[in-house]
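Undergrad: mind folding the following:
(chains A, B, C and D)
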2 protein chains.
Amino acid sequence: MHPLLAYLRRFVPTLTEAEWQLLAGAVRPCHLARGQHFVRAGEHRPEIALLLRGNCRLYYLRPGGEERTTYFFFENHLLADYAGCLLGQPSQLNIQALTEAELLVFDYAVLRRLYDECPAYERFGRVLAEYHLLGTDARLTEQLLLSPEERYRALLASGKTKILERIPQHLVANYLGVTPVSLSRIRARVARER
Amino acid sequence: MHPLLAYLRRFVPTLTEAEWQLLAGAVRPCHLARGQHFVRAGEHRPEIALLLRGNCRLYYLRPGGEERTTYFFFENHLLADYAGCLLGQPSQLNIQALTEAELLVFDYAVLRRLYDECPAYERFGRVLAEYHLLGTDARLTEQLLLSPEERYRALLASGKTKILERIPQHLVANYLGVTPVSLSRIRARVARER
DNA sequence: CGCGTTTCTTAGCTTTTGTTATCGTCGGGA
DNA sequence: TCCCGACGATAACAAAAGCTAAGAAACGCG
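TA: Numbering: from 1, shown residues only, chains lettered A, B, ... in the order given. A predicted model of the protein is given here:
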């Protein structure tokens, strides 16, 4: 099965072949070299991409030019400047390939039109937004409820081993909301007590 | 105009009177006394409420029984255990009235059925989730990018004066992810330098 | 009006984090 | 093979936050 169709059906199991064809023609492959950007702050890039292979990071530039990585993308996840798509504004964020990456890309405008023309896609849009809202909300709650050390332990305990296995530690530190030095100390503390 | 209809039309301007009638019959008023809960952790309460008057807080219970407030609701905002509605699970969170409050309530099951039966409501569900996702995402980003003092300054600079004017400071501290004592020090620092 | 609760500030002390810098290791590229 | 850059651990110091406690001010309620 086409990987994007499989992705859509995870959210809308009833999506028919005919409905899929409404989007299929707009999909094009895309390759990113390691270090290459999918979108940079200031650009407007109203495109949605399914990551087939490799991984990417989402980061912001702080005043002074310092980078802060807040999210990671792995195989079979969507990546996009979602806020930029919804608001029609330039991106605030940067998405960059951490490894070579293969994508399937389509214009947000196509999906937006399908929202009007086909209820199955409107449903997809709803369920997708709901799904991401749950994830973002859980992560915000974790930030507000847990200390840095507790957040690191929670990451250890959670199923997200891909982050710890495949992402450089100083980026994981950003993701947890601490400095790389601090995460190194936390790791030493946690390791010591076992 | 009925306040809930006005709310729906902020997200779906084309909603017709006939479509509104599909939901209108399921809506009932609800009153909360100061301190009373709309939902408590452990309960399942698959209901959506529009807050007409008063304000409420959303908080979690940490191990040990300590409360951590992470969100505030004001007039003309929806409140619900959204995750519990979507997942059909008991609530992880608590929503409590900080003042006397007037609500309009309807069952999530009704909205869920309208998703299937009426495209206008499916659209409402999508746009609502997208809107909340943008807000939650912005707040998560703020947590990851800004220091506590920067977050307080950002709250001062943002339009959310209602939070600072109408919410006790120790709850605002929770909302910003710091202790009440620490927020008091931050305020002293910020005030000193002007 | 008076009393008690809530709210906020301040202080002293401890713990953690941020900052800067150094060092060792690893890996890719010339 | 050599060199340079990226990555991570560690140390020393400064800054900030957490914790506990005490006191002042504001508020609600009887």
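Undergrad: next to DNA strand C, which bits of chain A? Give me the list.
TA: A:147-149, A:177-179, A:181-182, A:185-186 (C-beta under 7 Å from any atom of the strand). Just so you know, the C-beta spots here come from the backbone N, C-alpha and C atoms, and that holds for glycine as well.
Undergrad: if we use 10 Å, what do you get?
TA: A:34, A:64, A:66, A:147-152, A:173-174, A:176-186, A:189 (C-beta under 10 Å from any atom of the strand).
Undergrad: is it possible to mark the buried ones in these?
TA: A:148-149, A:151-152, A:173-174, A:176-178, A:183, A:186 (16 or more other C-beta atoms under 10 Å in any protein chain shown).
Undergrad: tell me which of those is nearest to B:Ser91?
TA: Top of the list for closeness to B:Ser91, among those and by C-beta to C-beta, is A:Arg151 at 22.5 Å.
Undergrad: tell me who's in contact with the closest one.
TA: Applying C-beta atoms under 8 Å, 6 or more residues apart in numbering or on different chains, we find A:Arg151 in contact with A:142-143, A:176-177.
Undergrad: 10 Å instead, please
TA: A:139, A:142-143, A:145, A:175-178, A:183, A:186 (C-beta atoms under 10 Å, 6 or more residues apart in numbering or on different chains).
Undergrad: looking at the residues you listed, which one is closest to DNA strand D?
TA: For DNA strand D, the nearest member of those is A:Leu183. The distance, counting by C-beta to the nearest atom of the strand, is 6.7 Å.
Undergrad: what's the helix or strand for that closest one?
TA: helix A:180-192 (DSSP states H and E).
Undergrad: does that helix reach chain B?
TA: No. Judged by C-beta under 10 Å from any C-beta of the partner chain, helix A:180-192 makes no contact with chain B; its nearest approach is 13.2 Å.
Undergrad: name the helices or strands packed onto that helix?
TA: With contacts defined as 3 or more C-beta pairs under 10 Å, 6 or more residues apart in numbering or on different chains; DSSP states H and E, helix A:180-192 has these neighbours: helix A:148-157, helix A:169-176.
Undergrad: between those, which gets nearest to A:Asp81?
TA: For A:Asp81, the closest of those is helix A:169-176, at 18.5 Å, according to C-beta to C-beta.
Undergrad: ok now the closest one, how far from the chain's centre?
TA: On the basis of C-alpha atoms, centre = their mean, to the nearest Å, helix A:169-176 sits 15 Å off its chain's mean C-alpha point.
Undergrad: touching DNA strand D at all, it?
TA: Yes. Using C-beta under 10 Å from any atom of the strand, helix A:169-176 reaches DNA strand D at A:169-173.
Undergrad: neighbouring contacts of that helix?
TA: A:57-60, A:66-72, A:98, A:139, A:142-143, A:146, A:148-149, A:151-152, A:154-155, A:160, A:163-164, A:166-167, A:178-184, A:186-187, B:144-145.
Undergrad: again, only using 7 Å
TA: Defining contact as C-beta atoms under 7 Å, 6 or more residues apart in numbering or on different chains, one finds that helix A:169-176 is touched by A:57, A:68-70, A:148, A:151-152, A:155, A:163-164, A:179-180, A:182-183.
Undergrad: adding pLDDT, write the residues you listed out as TSV.
TA: Output for the contacts of helix A:169-176, formatted as TSV (pLDDT from 0 to 100):
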residue	pLDDT
A:Arg57	96
A:Arg68	95
A:Thr69	96
A:Thr70	96
A:Pro148	96
A:Arg151	96
A:Tyr152	96
A:Leu155	95
A:Ile163	88
A:Leu164	88
A:Thr179	96
A:Pro180	96
A:Ser182	96
A:Leu183	97
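Undergrad: same list (those residues) but as JSON lines, adding distance to B:Pro29.
TA: Supplementary listing: those in JSON lines, determined by distance: C-beta to C-beta, whole Å:
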{"residue": "A:Arg57", "distance to B:Pro29": "48"}
{"residue": "A:Arg68", "distance to B:Pro29": "46"}
{"residue": "A:Thr69", "distance to B:Pro29": "47"}
{"residue": "A:Thr70", "distance to B:Pro29": "41"}
{"residue": "A:Pro148", "distance to B:Pro29": "45"}
{"residue": "A:Arg151", "distance to B:Pro29": "41"}
{"residue": "A:Tyr152", "distance to B:Pro29": "46"}
{"residue": "A:Leu155", "distance to B:Pro29": "44"}
{"residue": "A:Ile163", "distance to B:Pro29": "46"}
{"residue": "A:Leu164", "distance to B:Pro29": "50"}
{"residue": "A:Thr179", "distance to B:Pro29": "51"}
{"residue": "A:Pro180", "distance to B:Pro29": "53"}
{"residue": "A:Ser182", "distance to B:Pro29": "50"}
{"residue": "A:Leu183", "distance to B:Pro29": "50"}
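Undergrad: and of these, the nearest to A:Glu193?
TA: A:Tyr152 (12.9 Å).
Undergrad: quick check: closest non-adjacent residue to the closest one.
TA: A:Ile186 (5.2 Å; C-beta to C-beta, 6 or more residues apart in numbering or on different chains).
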